[in-house]
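Novice: return a 3D structure for these sequence lines:
(one chain, ligands or ions: 1)
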Amino acid sequence: MSSTDSEIQGSPRRVLLVLSCLWIVLYVVKVIYRLYLHPLAKFPGPKLAAGTFLYEGYYDVVKRGKYVHRIEEMHSQYGPIIRINPQELHVYDPTFFDSVYSSSGKWAKPPYIVRSMDPGFSAFGTLDHDHHRLRRGALNRFFSKQKVNALQHVVQDLANKLCEKLESYCNTGTPIDFEGAFGDFTLDAIAEYTIDSKLGLVDREGFTSDLRKTFRGLGEFGHLVKALPWLMTAKLLPGIESFIRVNVVKVLLDWDDTCLSIANHLLRTNPDETKEHPTVLREIIADPDLGPSEKTPKRLMFEAKTILNAGTGTVSWTLTTALWYLTTNTDILARLRAEILTVMPDPRQPVQFQELEQLPYFTAVLKESLRLGFGATMRSARAAPDRVLQYKDWTIPQNTPVSLSISHMHHNPDVFPDPLRFDPERWLGDMEERHRLERFFVPFSRGTRNCLGSNLAWAELYIMISQCVLRMDLEPFQTTLEHIEMYSDMIVSEPKRWKEGPRFLVKNVVAY
Ligand code: HEM
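Specialist: Now for the predicted structure:
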């Protein structure tokens, strides 16, 4: 080989070497800037966390969703306000929650929170405050308490069908994956609300068994993209997407196609036809406040997909959590049944959920299920784009992402004594005590970007649990607290033994 040939072959390698060195130098300069010159440089916390997102990535990707616990340790070392990544401050002080997750003032979202899920088309993925308000307007109307009441027959019918199916398993000795069974119910319900699509999951044979893998797979991807954001833009993306398609169950990703074709169909439909069957997408299309750019098929697809995602695993996991604590605390179950029977003497003749929500003990049981179940564990920062914030002696610079963690709120022993104990009684104290607890009970977060579907979630919880506990005797099957209790934050709560899933046997169908 001539020397010219080897020079030509060597040159791409040399270019790569030079580029890599340049990248390393730039990265080191960036880390130095973050440590010493950045507006957050004076805030306490480990230097590694302040210098690079890889610190958070180590705990969330390599150690699988453990940064939430590491943050708690860091607070005990560095105090109530710390810098947890190059851009974000975290506060461990329940009294500060309402100052960050607030309905007054403007609140933006940092892009690194949502970039793995949505490039800015859904309300959830919208970073700018005013744009988010515009999009939430149409959605809020649809998920108002009044609208949920008017459409509750959808939930009632699905709960009844699921219970009939579960009853058919009585004494068969078949362990049922209730997270999947409840997932069929919640996904059917939210699909009917959102895209007017009858998926018929509760009607088919068996139960979805891979729901937990699906949602936790999305959590894995979210953590990975936060640590390595270039994954979303690099040409590697198709490879990553196919990795997810293979490793994460297809159902969620297939919604892209389903939602897109439904959006296209609705956009061609005569608006007059939309009056009889209100759905989220129809509501958006008909909204006069939203211009044409807000009604493109792609935007409608992302909005629908996000709502389907957000409305499925959150409620099904809370229902599963409730079931575990009820079947392992027979006194609580007996008291709950007795209370529900006062308004619903025949469980096969369900009552409106407005009657159920008046029941104090039932409400206390559901609050404990939400407190310990964590429908969503993701740490979701907010930034005030137009003003500084004040936390005690600390002035937080304008536009700085600040967060608090819902699990730190709900597991805080100063707020909820003996916090890991499932104790409905704690919600039945005097008015003052109940107000105190309510203040720190934040399963749906608070403020401008709180949960869109909390009214629907409550309706599903009351309706499903009332039918389930009155109609059947259930028994945990090879299921322990390690299948339920939060161990990791995978955007949704992940118990230690999540892969096996909580399972139950239907032991008896109760006659009335
Ligand atoms: C137990 C049930 C549920 C829990 C615990 C829960 C919890 C939450 C939390 C904590 C957030 C705030 C996320 C953030 O800070 O970015 C949220 C947002 C959201 N939730 Fe829920 N959720 C539940 C059920 C539902 C249901 C049934 C729907 C269906 C409509 C839904 C739709 C949404 C949407 C669309 C958002 C984003 C709102 C926005 O950014 O404007 N959720 N949820």
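Novice: could you use CA atoms for every contact and neighbour count after this?
Specialist: Noted.
Novice: over to the residue of the stretch 101-250 of the chain found nearest the ligand: give its phi and psi.
Specialist: Of all residues in the stretch 101-250 of the chain, F124 sits closest to the ligand, at 3.4 Å by CA to the nearest ligand atom. Note on F124: its backbone torsions stand at phi -60, psi -40 [degrees, to the nearest 10].
Novice: shift numbering so it begins at 8
Specialist: Shifting the count to begin at 8 puts that one at F131.
Novice: tally of neighbours for it?
Specialist: If you count neighbours by other CA atoms under 10 Å, F131 ends up with 23.
Novice: ok, now the one 3 residues further on?
Specialist: Taking other CA under 10 Å as the criterion, the count of residues near L134 is 22.
Novice: these two touch, right, it and P117?
Specialist: Yes. Counting by CA atoms under 8 Å, L134 touches P117, with 6.6 Å between them.
Novice: just the helices in the stretch 58-207 of the chain please.
Specialist: 60-64, 74-85, 104-107, 118-121, 136-149, 152-157, 159-174, 185-202 (DSSP state H, counting those that start in this stretch).
Novice: nearest spatial neighbour of whatever residue of the stretch 208-357 of the chain ends up closest to the ligand, skipping sequence neighbours?
Specialist: The stretch 208-357 of the chain approaches the ligand most closely through G318 (3.4 Å), counting by CA to the nearest ligand atom. Counting by CA to CA, 6 or more residues apart in numbering, G318 lies nearest to I197, which is 6.3 Å off, once chain neighbours are set aside.
Novice: give me the pLDDT value at that neighbour.
Specialist: The per-residue pLDDT reported for I197 equals 93.
Novice: going along the chain, name the helices of the stretch 308-457 of the chain.
Specialist: For the stretch 308-457 of the chain, applying DSSP H, counting those that start in this stretch gives helices covering 320-334, 337-348, 360-363, 367-380, 413-417, 438-447.
Novice: could you dump those helices into JSON lines and include distance to S151 and mean neighbour count?
Specialist: Shown next, in JSON lines, are those (distance: least, CA to CA, whole Å; neighbours: other CA atoms under 10 Å):
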{"stretch": "helix 320-334", "distance to S151": "17", "mean neighbour count": "24"}
{"stretch": "helix 337-348", "distance to S151": "25", "mean neighbour count": "16"}
{"stretch": "helix 360-363", "distance to S151": "14", "mean neighbour count": "16"}
{"stretch": "helix 367-380", "distance to S151": "20", "mean neighbour count": "22"}
{"stretch": "helix 413-417", "distance to S151": "24", "mean neighbour count": "23"}
{"stretch": "helix 438-447", "distance to S151": "21", "mean neighbour count": "13"}
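Novice: wait, which of those helices is closest to F50?
Specialist: helix 413-417 (20.4 Å; CA to CA).
Novice: then E482 would be within a helix, right?
Specialist: No. E482: not assigned to a helix; according to DSSP: H, G, I helix; E, B strand; the rest coil it is strand.
Novice: what is the burial count for it?
Specialist: Counted with other CA under 10 Å, the neighbours of E482 add up to 19.
Novice: go ahead and confirm it touches L512.
Specialist: Yes. E482 is within contact range of L512, at 5.2 Å (criterion: CA under 8 Å).
Novice: if we can go back for a sec, compare the helices of the stretch 308-457 of the chain and give me the one nearest A388.
Specialist: Closest of these to A388 is helix 413-417, at 11.5 Å (criterion: CA to CA).
Novice: low-confidence stretches in this structure?
Specialist: 8-17, 240-261, 277-284 (pLDDT under 70).
Novice: interface residues of the protein facing the ligand?
Specialist: With CA under 6 Å from any ligand atom as the criterion, the chain comes near the ligand at residues 130-131, 314, 317-318, 321-322, 325, 381-383, 387, 450-452, 456-461, 463-464.
Novice: ok, E489 touching P502?
Specialist: Yes. Counting by CA under 8 Å, E489 touches P502, with 6.0 Å between them.
Novice: picking up where we left off before, so who does the residue of the stretch 108-257 of the chain closest to the ligand touch?
Specialist: V121, H139, T313, R456 (CA atoms under 8 Å, 6 or more residues apart in numbering).
Novice: now render those as TSV, adding neighbour count.
Specialist: Output for these, formatted as TSV (neighbours: other CA atoms under 10 Å):
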residue	neighbour count
V121	19
H139	21
T313	20
R456	22
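Novice: pull up the overlap in contacts between L134 and P117.
Specialist: Taking CA under 8 Å, 6+ apart as the criterion, L134 and P117 do not both touch any residue.
Novice: and L459, how close does it get to G320?
Specialist: Going from L459 to G320 by CA to CA, to the nearest Å gives 15 Å.
Novice: ok, F369 next?
Specialist: Distance of F369 to G320, computed by CA to CA: 22 Å.
Novice: what's the answer for A157, then?
Specialist: Applying CA to CA to A157 and G320 gives a distance of 23 Å.
Novice: same thing with A466?
Specialist: Taking CA to CA as the measure, A466 falls 15 Å from G320.
Novice: tell me which residue lies nearest the centroid of the protein.
Specialist: Central residue of the chain (CA atoms, centre = their mean): A383, 3.4 Å from the mean position.
Novice: what would the helices of the stretch 58-207 of the chain look like in JSON lines with distance to N406?
Specialist: Output for the helices of the stretch 58-207 of the chain, formatted as JSON lines (distance: least, CA to CA, whole Å):
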{"stretch": "helix 60-64", "distance to N406": "18"}
{"stretch": "helix 74-85", "distance to N406": "22"}
{"stretch": "helix 104-107", "distance to N406": "12"}
{"stretch": "helix 118-121", "distance to N406": "12"}
{"stretch": "helix 136-149", "distance to N406": "12"}
{"stretch": "helix 152-157", "distance to N406": "33"}
{"stretch": "helix 159-174", "distance to N406": "41"}
{"stretch": "helix 185-202", "distance to N406": "33"}
